[in-house]
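**Student:** Quick one: sequence and predicted model below, then my questions.
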Amino acid sequence: MKHLDISEALTDQTLRGQTAVVCGWVRTYRESAQVAFLELSDGSSLPRLQVVVDKSKLDVSAECTKLGAALAVRGTLVGAYKGEGNELNAERITLIGACPAEYPIQKKRTTLDFLRTIPHLRLRTNTFQAVFRVRSVAAQAIHRYFHAHGYYYVNTPLITASDCEGAGEMFRVTTRPWDAKAASAEEYYKNDFFGVKAGLSVSGQLEGEVAAMALGKIYTFGPSFRAENSNTTRHLAEFWHIEPEIAFAELPDVIEIAEDLLKYLINAVLEECPEELKFFDSFVEKGLIEKLTHVAGSDFAVCTYTDAIGILEKENARFQFPVHWGSDLQSEHEKYLTEKVFGRPVFVTDYPKEIKSFYMKQNADGKTVAATDLLVPGIGEIIGGSEREADYGKLVAAMDARKMDKSAYKQYLDLRIFGSVPHGGFGLGFERFVMYVTGMENIRDVTLFPRSVKNIM
Ligand code: 4AD
Ligand code: MG
């Protein structure tokens, strides 16, 4: 259909006086004795186009005034009565798709809880329009950043026979019905599609390392799957994951790249989504723009795990789970560190090896690994990364200590035999990033169809 995007109709002042056709959905309707006002949205911009109807010249059928109705409007673009943009003086209004009164998105601001029950319609609200525009801009910026810095974009398999984090939180991939007669698990899997137990990948890192050992700098940007039973506002069973992997890099390099990427992405959203950020700043998180501007312009903090525990132990009275050296940091500790102690993003480094994955580089102290988590206010962990263990013997020892089946990791171990080099990388949770830059508090509200425990609408 020949028509003009509302973003253009609204802002292009050279179009004033010209005839235009726009298409969109009715977002508001009001009228007086002589004039009717319709606001139309077609998704191209957060601000909507006001359509002005002179009732003495044009009849508007009741169907065209219903919220959610899809219309095509032909008219003349003129400078808006209020504000800087344009509005459209209607000459002809055509109903493209009627919308009955049961339409669940009504004018009163509906709650996010309610909107979560109608994932197929919630995108027609300002909040979700803004979220998904920011998400799209951020995704483009991620590719731009890595391309500009000489990284190759690789696509790692989603179906895998190895569990990257070694934590057994994989969804199983199978074509077989359950067979209670199978003599053993091994026999059961032997008859399955791949002949071995297979699942959905929790991370592209292990294959990313393979690529980095030849291409130097690579990144992946795709879905990861976690069957963890954590029903929180920060966890999804299916999330999007950005994982750069860099050869000839050590932990300080990994930290530098992570900070640079995050600042680049924040700046991109600030520059490309001003209307959306203004919206979030007004209705979702007061002070959001100032927060992001400040973060993009200042240094992130760096703190070892051991120092972090020293700080947290003094505050143990306030925590549900008191900490000591060796304990995993819970969300409450992460938030306390980044919000109350540092007041900005903080890289926590050098965690005890027992609470981190087998592949992390073992430090000389014999107790810690060269890992880092980036914690940010409001979210907690947004990035997890490390230098990788490049020494064959030490890697084997770490796998043995975890009783891992080394035969499933032969290729990964080969990388430590054939020209092994220091290397590292990290994983950025895309939805957590979108939460951070929009101020949205529930990860289910920044992805189209959230998947989590007992939820696959
Ligand atoms: O810390 P994680 O588990 O690290 C890895 O997967 C490494 N293999 C990454 C690497 O070094 N290449 O996950 C990385 C990030 C987390 O910091 C978090 O932002 C996000 O992925 N994440 C999740 N996001 C949403 N829902 C979940 N269930 C998530 N699990 C991790
Ligand atoms: Mg992590």
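**Tutor:** Structure received. Ligands and ions are numbered 1, 2, ... in the order given.
**Student:** C-alpha from now on. contacts and neighbour counts both.
**Tutor:** Noted.
**Student:** need the residues of the stretch 101-250 of the chain near ligand 1, please.
**Tutor:** 203, 205, 226, 234-237, 239, 241, 243 (Cα under 6 Å from any ligand atom).
**Student:** Just to check, Glu334 is in contact with Ile382?
**Tutor:** No: taking contacts as Cα atoms under 8 Å, Glu334 lies outside contact range of Ile382: 10.5 Å.
**Student:** Could you check which of these two is surrounded by more residues?
**Tutor:** Taking neighbours as other Cα atoms under 10 Å, Glu334 and Ile382 compare with Glu334 leading, 24 against 21.
**Student:** So the helix or strand that contains the more buried one, near ligand 1 or not?
**Tutor:** Assigned by DSSP states H and E, Glu334 belongs to helix 331-335. No: using Cα under 6 Å from any ligand atom, helix 331-335 stays clear of ligand 1, coming no nearer than 11.9 Å.
**Student:** and that helix, what does it pack onto?
**Tutor:** strand 368-376, strand 380-387 (3 or more Cα pairs under 8 Å, 6 or more residues apart in numbering; DSSP states H and E).
**Student:** which outside residues touch the next helix or strand after the shortest one?
**Tutor:** Counting by DSSP H and E, the element after strand 380-387 in chain order, helix or strand, is helix 392-401. Under the contact criterion Cα atoms under 8 Å, 6 or more residues apart in numbering, helix 392-401 has outside partners 358-359, 362, 389, 405-406, 413, 416-417.
**Student:** go with 7 Å
**Tutor:** Residues from elsewhere that reach helix 392-401 (Cα atoms under 7 Å, 6 or more residues apart in numbering): 358-359, 389, 413, 416-417.
**Student:** quick one: buried residues of it?
**Tutor:** 395-396, 398-399 (16 or more other Cα atoms under 10 Å).
**Student:** Need these in a markdown table (columns: distance to ligand 1 and pLDDT).
**Tutor:** Supplementary listing: those in a markdown table, determined by distance: Cα to the nearest ligand atom, whole Å; pLDDT from 0 to 100:
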| residue | distance to ligand 1 | pLDDT |
| --- | --- | --- |
| Leu395 | 16 | 98 |
| Val396 | 18 | 98 |
| Ala398 | 16 | 96 |
| Met399 | 16 | 95 |
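**Student:** ok, so of the residues you listed, who is nearest Pro100?
**Tutor:** Met399 (60.9 Å; Cα to Cα).
**Student:** Could you measure from the closest one over to Tyr392?
**Tutor:** 11 Å (Cα to Cα, to the nearest Å).
**Student:** what's the pLDDT at His3?
**Tutor:** pLDDT recorded at His3 is 96.
**Student:** what about stretch 100-111, distance to the chain center?
**Tutor:** Put simply, stretch 100-111 sits 27 Å off its chain's centre (Cα atoms, centre = their mean, to the nearest Å).
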